[in-house]
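Colleague: Attaching a predicted model along with its sequence, questions to come.
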2 protein chains.
Amino acid sequence: MRETITFPGQFPGAITEEDTLSAHAASPEATESLPAAVETALREFFDSRRPMTDAVAGTFTDATTALEAFVLRGGKRVRPAFAWTGWLGAGGDPNGPDAAAVLRACSALELVQACALVHDDIIDSSRTRRGFPTLHVEFADRHRSGGWSGEPAKFGESVAILLGDLALAWADDMVRESGVDAAAQSRLGPVWSAMRTEVLGGQYLDVSTEVTADESVAAALRINRYKTAAYTIERPLHLGAALAAADPDLIAAYREFGTDIGIAFQLRDDLLGVFGDPTVTGKPSGDDLREGKRTVLFAEALLRADATDRGTADVLRRSIGTDLTEEQVQRLRAIITDLGAVDEVERRIDELTARGLSALDTSTATETAKQSLRAMALAATRRTA
Amino acid sequence: MRETITFPGQFPGAITEEDTLSAHAASPEATESLPAAVETALREFFDSRRPMTDAVAGTFTDATTALEAFVLRGGKRVRPAFAWTGWLGAGGDPNGPDAAAVLRACSALELVQACALVHDDIIDSSRTRRGFPTLHVEFADRHRSGGWSGEPAKFGESVAILLGDLALAWADDMVRESGVDAAAQSRLGPVWSAMRTEVLGGQYLDVSTEVTADESVAAALRINRYKTAAYTIERPLHLGAALAAADPDLIAAYREFGTDIGIAFQLRDDLLGVFGDPTVTGKPSGDDLREGKRTVLFAEALLRADATDRGTADVLRRSIGTDLTEEQVQRLRAIITDLGAVDEVERRIDELTARGLSALDTSTATETAKQSLRAMALAATRRTA
């Protein structure tokens, strides 16, 4: 699972001086950026769990501290930003008495994300995340340096499974204890529920599509839809709208925008995974090809090759998921481009972006939120890293 | 993680004709036993998820059907039974308008348990559960028989991680959607939260105590307390009490009873794991010794051996967790008995049971609930299987 949208420069959802959290809000610093405000809320939440984990055992608190560190080095806080902006756009008042509670509920999305990443890293056997060892690797290292009995890798995975579960349980705690009122809790319930089922469904499809080698564009798009679009943009916006008791038309517009921009974002990610400049993306060039990721880009290339040139289709199938040289990556890039797959994916990105922006433009969201969301959409779909 | 208390004969918490679910309740059959009523509630909940999983993909629904089958073959429903009985004992009316909603909230405990078991089976590399392959083994088998690419075991574990997560998320959905009112939701929130953190803490301690080879009685008791007692009896009773808006004295009494009986239950389990008759327990004799389980029984034996006879202590340390013959198991049994560890554990069971029952007797719980809970306590601590 890729981390987040990397926004260039100042995060568009950042809280500006015009749009500050008031004295009611979680943070005392009124000009704090949204990511910083989210981190404060998360830090306070972790503090609130400590009496509970201490009561079980000090060593359990130590383990949860590793989870906290993982969550706190989390970057741009994209999901809380969409939720918060969704709330503002539906008339939420950042200076009102609910703002701090809403911010806490939005911040809980980072704990769902912690579970998703920690468990995904076990599933993908990933060794690093956010520039640090993944949690299962970290606990395997602790096992090794402690000279404990049994297998370090097994211990690391076991602890990471449990800490991922804890993050998911704590996400719920954070929503339940956010302070949003009972009516808002009932409104957010179905969205919260759908989001978690959808992301787990998307992850399941990702895992099963890989082993069954489903090469269809439809399968790749379906994973995009649930693992990325719904989970990263559509449902967070929907959650913010539900918190603000938005009307059904605005919710529909948000969901259209979120689905389209979310899929377009993932399509851009797919292009960068093959064509991205490693000096900008920070990842080895063509990494998706080596990892065997079943992207829409690759599916479009295969579809075209199967129709026109079986030899080229064979090359694609034999190459994907192997330890490719730089030269081989370059050759595959040329093939994918010549087949027209890049143009097709760019066309889809343009179409989705236009449709998503149009849904936003004609919605009843506030002008400020529209501006923010437009900037976030363009950052997500036009980025180079 | 051992499954549940096996109650002899009719489950004491069963709903009798005097104490039926009314027409308001989840089940149309007023004389249905509690386990059957819980299963009906679970089945209806799984039905309610299907539109959501179908929307993601039919193959995702197929995967969740395996989770449903796992949950539905779940046996005695011990945690819902304690929660339900806790609610009745605090004045909950089984014929009242809340009964069906309360039953649904209590039944959600089985989904937390599904997550705990599915993930624990990965952690313990267990191959069977409830007489069927564990979920990770089931999906590894599907992978093998489908002739899919990649490693079957890796695929099985990945899917089981995701389905365990789904069970945990759905447990929350089931509570949120149970129909208990907002005030009851706020009352149950902290109990629900504590229970999940405690069981995950207990599982963490279990995993870490095993690798650090902490041999102390205190470590074994702490695991008992959180992995078994709090999770199986104390918090389910507390949850039921919270749903009924019980007064603090009754809650305190329930928690005392639940902790004491829960620990005593686990101590009985430890004795059966070494001395149980395989024709009654259905498990190979001395299984806990072969598995290297760090029980209070074993810790008491080691403590005594270290104080009196280092040679015997060496035998215990060298034997635990190895592939013992029936003869070696018999020898270890004799050693553990001769050291006085069995008497000490029996003494603890008696003391805890007496203290727990006394807390119950002097409580304000209804007489019917006291009778049920007394029977459940004795079934849990005096059983032979």
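Modeller: Arrived safely.

Colleague: List the buried residues in the worst-scoring helix or strand of chain A on mean pLDDT.
Modeller: None of the helices or strands of chain A scores lower by mean pLDDT, DSSP states H and E than helix A:278-281, at a mean of 80. By neighbour count on 16 or more other Cβ atoms under 10 Å in any protein chain shown, the buried set for helix A:278-281 is A:T281. (Each C-beta comes from the backbone N, C-alpha and C, glycine too.)

Colleague: which stretches of chain A form strands?
Modeller: A:128-129, A:132-133 (DSSP state E).

Colleague: Each with direction, which strands does the first one pair with?
Modeller: So that's strand A:128-129. Sheet pairing of strand A:128-129 (DSSP bridges) gives strand A:132-133 (antiparallel).

Colleague: how far is the partner strand from where the chain is centred?
Modeller: 18 Å (Cα atoms, centre = their mean, to the nearest Å).

Colleague: Ok, stretch A:39-47 next?
Modeller: On Cα atoms, centre = their mean, the centre of stretch A:39-47 falls 20 Å from that of its chain.

Colleague: need the residues of the stretch 151-300 of chain A near chain B, please.
Modeller: Residues of the stretch 151-300 of chain A that fall close to chain B, judged by Cβ under 8 Å from any Cβ of the partner chain: A:155, A:157-159, A:161-162, A:164-166, A:168-170, A:172-173, A:176-177, A:182, A:185-186, A:189, A:193-194, A:196-198, A:200-205, A:207-208, A:210-213, A:222, A:226.

Colleague: Filter the residues you listed down to just the ones in helices.
Modeller: Among those, DSSP state H puts A:155, A:157-159, A:161-162, A:164-166, A:168-170, A:172-173, A:176, A:182, A:185-186, A:189, A:193-194, A:196-198, A:200-205, A:207-208, A:210-212, A:222 in helices.

Colleague: Out of these, which end up buried?
Modeller: Using 16+ other Cβ under 10 Å, the buried ones in these are A:155, A:157-159, A:161-162, A:164-166, A:168-170, A:172-173, A:176, A:185, A:189, A:193-194, A:196-198, A:200-205, A:207-208, A:210-212, A:222.

Colleague: Identify the residues contacting the closest residue to A:H238 other than its chain neighbours.
Modeller: The spatial neighbour of A:H238 that comes closest, neighbours along the chain excluded (Cβ to Cβ, 6 or more residues apart in numbering or on different chains), is A:V191 at 4.9 Å. The contact partners of A:V191, by Cβ atoms under 8 Å, 6 or more residues apart in numbering or on different chains, come to A:235, A:238-239, A:242.

Colleague: Nearest to A:E256 among those residues?
Modeller: Set against A:E256, the nearest of those by Cβ to Cβ is A:H238 (10.9 Å).

Colleague: pLDDT value on that closest one, please?
Modeller: With respect to pLDDT, A:H238 scores 98.

Colleague: Now the residue in the stretch 1-150 of chain A positioned nearest to chain B: closest residue in space, sequence neighbours ignored.
Modeller: Distances between the stretch 1-150 of chain A and chain B by Cβ to the nearest Cβ are smallest at A:V56, namely 3.4 Å. Nearest residue to A:V56, sequence neighbours excluded (Cβ to Cβ, 6+ apart): B:G201, at 3.4 Å.

Colleague: Skip the chain neighbours and tell me the closest residue to the residue in the stretch 251-385 of chain A that chain B sits nearest to.
Modeller: The nearest approach of the stretch 251-385 of chain A to chain B comes at A:G321, 8.9 Å away (Cβ to the nearest Cβ). Leaving out its chain neighbours, the residue that sits closest to A:G321 by Cβ to Cβ, 6+ apart is A:G292, at 2.6 Å.

Colleague: count of neighbours near the one you found?
Modeller: Using other Cβ atoms under 10 Å in any protein chain shown, A:G292 has 15 neighbouring residues.

Colleague: next one: A:M195
Modeller: For A:M195, the count of nearby residues is 24 (other Cβ under 10 Å).

Colleague: these two touch, right, it and A:Y231?
Modeller: Yes: contact criterion Cβ atoms under 8 Å: A:M195 and A:Y231 qualify, at 6.2 Å.

Colleague: quick one: A:D270 from A:Q330, how far?
Modeller: Relative to A:Q330, A:D270 is positioned 18 Å away (Cβ to Cβ, to the nearest Å).

Colleague: These two: which is more packed in?
Modeller: Remark: of A:D270 and A:Q330, A:D270 carries more neighbours, 25 against 13, as counted by other Cβ under 10 Å.

Colleague: how about the more buried one, what does it touch?
Modeller: If a contact means Cβ under 8 Å, 6+ apart, then A:D270 has A:288, A:293, A:295-298, A:345 as its contacts.

Colleague: tell me the two of those residues that are most distant?
Modeller: Of all pairs drawn from these, the one with the longest distance (Cβ to Cβ) is A:K293 and A:V345, at 13.7 Å.

Colleague: between those two, who's got more neighbours?
Modeller: For A:K293 versus A:V345, neighbours defined as other Cβ under 10 Å are more numerous around A:V345 (24 against 21).

Colleague: Surely the more buried one and A:A301 touch.
Modeller: No: checked against Cβ under 8 Å, the pair A:V345 and A:A301 is beyond contact range at 9.4 Å.

Colleague: Spit out the contact partners of the residue of the stretch 251-385 of chain A closest to chain B.
Modeller: Counted by Cβ under 8 Å, 6+ apart, A:G321 has contacts A:289-292.

Colleague: for A:L297, same thing?
Modeller: A:L297 makes contacts with A:267, A:270-271, A:274, A:336, A:341-342, A:345, as judged by Cβ under 8 Å, 6+ apart.

Colleague: picking that back up, restricted to helices, list the contacts of A:G321.
Modeller: A:289-291.
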